[in-house]
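> model the following, please.
(one chain, ligands or ions: 1)
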Amino acid sequence: MATTLPDNASLEQDLVVAQAAVTKQGDTVRSLKASLKEKKADKAQVEAAIEQLKNLKASLDLKQKEFQSASGKTSSTNREAFRDAVKTVLERRLFYIPSFEIYGSVAGFYDYGPPGCALKQNFTQFWRQHFVLEESMLEVECPAVTPEVVLKASGHVDRFTDLMVTDVVTGDCHRADHLLEAALQALLDGKPKPLDTQERQAVHHLLATVEELNVKQLGDALEQYGVKAPETNNDISRPFPFNLMFKTSIGPRGDQVGYLRPETAQGIFVNFRHLLYSNGGKLPFAAAQIGQSFRNEISPRAGLLRVREFTQAEIEHFCNPDAKDHPKFQSIAREQPLLFSRALQMSEEKQPQAMQLGDAVSQSIIANQTLAYFIGRTYLFLLRVGINPKRLRFRQHLANEMAHYAEDCWDAEVECSYGWVECVGLADRSAYDLRAHATKSKTDMSAYEPFPDGSRMVDVLVAAVDKREVGKTYKKDGKAITEALESLPEEEKACMQADLAAGKPCKVTVGDAEFAITAAMVQIKQEKKKLTGRNFVPSVIEPSFGVGRIIYCMFEHCYATRKGDEKRSLFHFKPIVAPVKATVFPLFAQPTFIDQAQAVAALLTAAGLSTIVDSTGASIGKRYARTDEIGVPFAVTVDHQTLEDSTVTVRDRDSTTQVRVPIAEVQALLTELVKGRTWESMQQQYPTHASAADDN
Ligand SMILES: Nc1ncnc2c1ncn2[C@@H]1O[C@H](COP(=O)(O)OP(=O)(O)OP(=O)(O)O)[C@@H](O)[C@H]1O
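Take a look at the predicted model:
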């Protein structure tokens, strides 16, 4: 295939690293020469260092040439040209369309047209197969409109914000981190003038850590680099937080505040008790939900990648915090995705490495087997839907990127013409979400597990409350406060014990009110108790997929043009997600051929294979080109021989080769191909058809 996006965006980084190595070695040579004068080093040492410097310079030279020749291909102009080519086909063939177009559209909203809709359905169906069915997950569907209390508990009302700046003249809004990133990228591209090595390194470093900056640091960095508003070049305000949720009111009186959910996960958390019960009270188990999420993004300008309404597919895997091994871990332990660990991100090379997931867990690079298991399953899923493995990496969150409660987080990032894009977030969120809802709703969110060896004597913390002291201070609330103290979860008792001992202020919550607790009111003591099991709040491991982002990256990775004919574009969609599985062609637009083609199509449709019949009078080559353009993987042609011996030809889109197959077998054959059987194995089973109806 002639046109695909070159995947050499990291060459520039290589170049910076090579330059740094030359500078460092130059320093070593100089200091050795000085030592030689003082007779602290010998001549051989200096000569070896000079030799190494020569090698490094030669390697730098090579990298410079490589970069110069590649930069022609990977320049942002070229990326934009590639993106425009893909987008033109996608919009012309109605994969997606800006919503409300006849009224001028609204940024951040897209409609999926017929092939886009079919492809998205196939995608989510396959996601259900790969995760929900193969992992026996419990699937739920919850409302998008969510009462405020739920999102208050989850922290979204207070903290689901992005930092925004405004154009001080026009009032236009921009995402502060995106403006800084664009400005830094421009500097690296040599605009307005080339940077020296030291400046480049500083800019590279800042670019890699933009997500970690707090509001002040981000504001300072915008000022330091003189960032202005795009298009107008006006000054911008200091950054400030903007909540991304769409607010609404529930009911006719309008007095109950609600929000459109910003993620589907909360619906699963609030149903935890039902799900645990339906799983027989046993852990681990996973629940899943596919549905719409809504985020009032500040400036959505990246097509399907950043929209204001999108489909998420989320999994919440609940497990014992002390047992995060996964029974099926061995099935993915040998998979080798590119891992971009924290250590690799901080290293000079800044390159991800292919690594077996088994090794990543045994070397404690990934925190536990369950998280690694989902990384492995996500990796396999993304490859199965057509993501190029060379342009897929799993990037670990840096320490300051992670929420304080998270144990470990990795993003599946896919490289496309917009750069590396987070498509799936995979996080070990500990027990944070269930605890938050337990506290706010006063509902027990714990699970119980019996000890495998019967009963045990266990150390437990007990709150010995001085009821008189509590009653003296809080009068009628005393009884409720005593009960709340006695039923505090184990970890909260431990915190209170430590805080009281350190003389720190302590509180207990009853209803919506909080009451200060002193050491005179309660003593937290350790006691031995005979128990047959224990209660704990489960940990949650969450893989969260953005359906539209993956689909868009898949569009780019599957797009190509036919060799020798740049004007003929096609999508190499994997059959499992292709919007249409087969096109049936009557070779001639005559009733006998058309009737037979309709009959074959009906046979395929009955087997659940979406099929179209193209009986237009255009040449077969032109008709092939039309279906290639929307990525139909197979073409079935009814020709003269069909009328004689009831066979048809089946053509494979990618190789353009054909086989001849009895009509009676075509349904089973295409079903197998869609499920993943290879075309090569079909070619061994059926005779090759050297057709007159070629691709021209
Ligand atoms: N505005 C959006 N448009 C399309 N997909 C989105 C959007 N926001 C998030 N997603 C998808 O949902 C997934 C899980 O959401 P998550 O909250 O982890 O994203 P995020 O870290 O906020 O993304 P970003 O930092 O890019 O805004 C993401 O990996 C992404 O695929």
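
> interface residues of this protein facing the ligand?
263, 295, 297, 306-307, 310, 312, 422-425, 544, 546, 548-549 (C-beta under 6 Å from any ligand atom). Backbone N, C-alpha and C define where each C-beta goes, glycine included.

> can you map out the helices along the stretch 301-450 of the chain?
342-346, 357-362, 369-384, 432-441 (DSSP state H, counting those that start in this stretch).

> can you add mean pLDDT and give these back as JSON lines?
Shown next, in JSON lines, are those (pLDDT from 0 to 100):
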{"stretch": "helix 342-346", "mean pLDDT": "91"}
{"stretch": "helix 357-362", "mean pLDDT": "98"}
{"stretch": "helix 369-384", "mean pLDDT": "98"}
{"stretch": "helix 432-441", "mean pLDDT": "93"}
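
> buried among the residues of the chain next to the ligand? Make that a PyMOL selection.
Burial among the residues of the chain next to the ligand is assessed by 16 or more other C-beta atoms under 10 Å; the matching PyMOL selection reads:
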select buried, resi 263+295+297+306+307+310+312+423+424+425+544+546+548+549
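
> dump the helices of the stretch 301-450 of the chain into TSV; add mean neighbour count and distance to K675 as well.
What follows is these, written out as TSV (neighbours: other C-beta atoms under 10 Å; distance: least, C-beta to C-beta, whole Å):
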stretch	mean neighbour count	distance to K675
helix 342-346	14	37
helix 357-362	20	26
helix 369-384	22	11
helix 432-441	19	37
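
> generate JSON lines for those, with distance to A182 as supplementary columns.
Shown next, in JSON lines, are these (distance: least, C-beta to C-beta, whole Å):
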{"stretch": "helix 342-346", "distance to A182": "21"}
{"stretch": "helix 357-362", "distance to A182": "33"}
{"stretch": "helix 369-384", "distance to A182": "27"}
{"stretch": "helix 432-441", "distance to A182": "33"}
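
> for P505, find the nearest of those.
Set against P505 and scored by C-beta to C-beta, the helices of the stretch 301-450 of the chain come closest in helix 432-441, at 18.2 Å.

> now the residue most central in space within the chain: how far from R377?
Nearest to the mean C-alpha position of the chain, counting by C-alpha atoms, centre = their mean, stands V424 at 1.5 Å. For V424, the distance to R377 equals 11 Å [C-beta to C-beta, to the nearest Å].

> repeat that for L188.
L188 is 36 Å from R377, by C-beta to C-beta.

> specify the local secondary structure of the closest residue to the ligand within the stretch 1-150 of the chain.
In the stretch 1-150 of the chain, the residue that lies nearest the ligand is G108 (7.5 Å; C-beta to the nearest ligand atom). Under the three-state scheme (DSSP: H, G, I helix; E, B strand; the rest coil), G108 adopts coil.

> and the chain, what are its domains?
Per automatic domain parsing, the structural domains of the chain span 11-74, 161-243, 456-531, 580-685.

> would you single out the least confident of the ones you listed?
If you rank the domains of the chain by mean pLDDT, domain 11-74 sits at the bottom with a mean of 71.

> any idea how far the closest residue to the ligand within the stretch 401-550 of the chain is from E309?
Relative to the ligand, the nearest point of the stretch 401-550 of the chain is G546 (1.9 Å; C-beta to the nearest ligand atom). Per C-beta to C-beta, G546 is found 12 Å from E309.
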